[in-house]
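Peer 1: sequence unknown, structure follows:
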Ligand code: GAR
């Protein structure tokens, strides 16, 4: 069983989907820690309800990104976390985390990368009028929504589809694709030694 940490900034529906997949026995992992950069994020209560440790921090209380990342790495290592799963964590990572977990950090983004990076990717794509929308899962590097793509899934934007319809479809795909992709990724790396 692989030990993972989930990083989030908001609602945590992807956290829910990953945790549900673990509970259903489909994903051989355990969420050891949930890292959150917003004290009012709903995902905190969700993690607590599942008796999962949380590390909640305010980025503004630190002089640099590496300062808070050092604490995050320490919290992860303390719990022997092997993989970091970004699920709506709206921050670019610095060297500290990237060097502590090389090729062990993944992210989900609600667009067909490399298109529509950054915030409100669904809105960006929808307003651009694209006929295909989708979700990407990728390794994380120092670039916003950059890094090698691991999986993508798309759907046709049908005539009459509203922004809300597109959003619903994206989330439906995310909640299936993320646990499934993590399952494959962790299985493929099963024989690797723990980094901690
Ligand atoms: C998800 O749609 C995820 O793809 C997106 O934030 C949402 C989080 O939802 N991430 C990004 O935009 C990263 N650039 P959730 O908190 O309900 O899982």
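Peer 2: Perfect, I can see it now. The structure displayed is predicted, hence computed values, not measured ones. Numbering: from 1, shown residues only.

Peer 1: Pull the residues that contact stretch 73-80.
Peer 2: 3, 5, 32-33, 35, 53, 55, 84, 96-97, 100-101, 194, 196 (CB atoms under 8 Å, 6 or more residues apart in numbering). In this view, the C-beta of every residue, glycine as well, is placed from N, C-alpha and C.

Peer 1: Share the number of residues neighbouring the residue in the chain positioned nearest to the ligand, please.
Peer 2: Of the residues in the chain, the one nearest the ligand is residue 88, at a distance of 2.5 Å by CB to the nearest ligand atom. Using other CB atoms under 10 Å, residue 88 has 22 other residues around it.

Peer 1: contacting residues around it?
Peer 2: Shown in contact with residue 88 (CB under 8 Å, 6+ apart): 8, 9, 10, 11, 12, 14, 43, 108.

Peer 1: Over to the last one. Which of the three states is it?
Peer 2: For residue 108, the reduced secondary structure class is strand; criterion used: DSSP: H, G, I helix; E, B strand; the rest coil.

Peer 1: pretty sure it contacts residue 139?
Peer 2: No: assessed by CB atoms under 8 Å, residue 108 is found out of contact with residue 139, at 11.7 Å.

Peer 1: And the helices in this protein?
Peer 2: Counting by DSSP state H, the chain forms helices over residues 13-23, 42-49, 65-78, 95-100, 121-128, 163-188, given from the N-terminal end onward.
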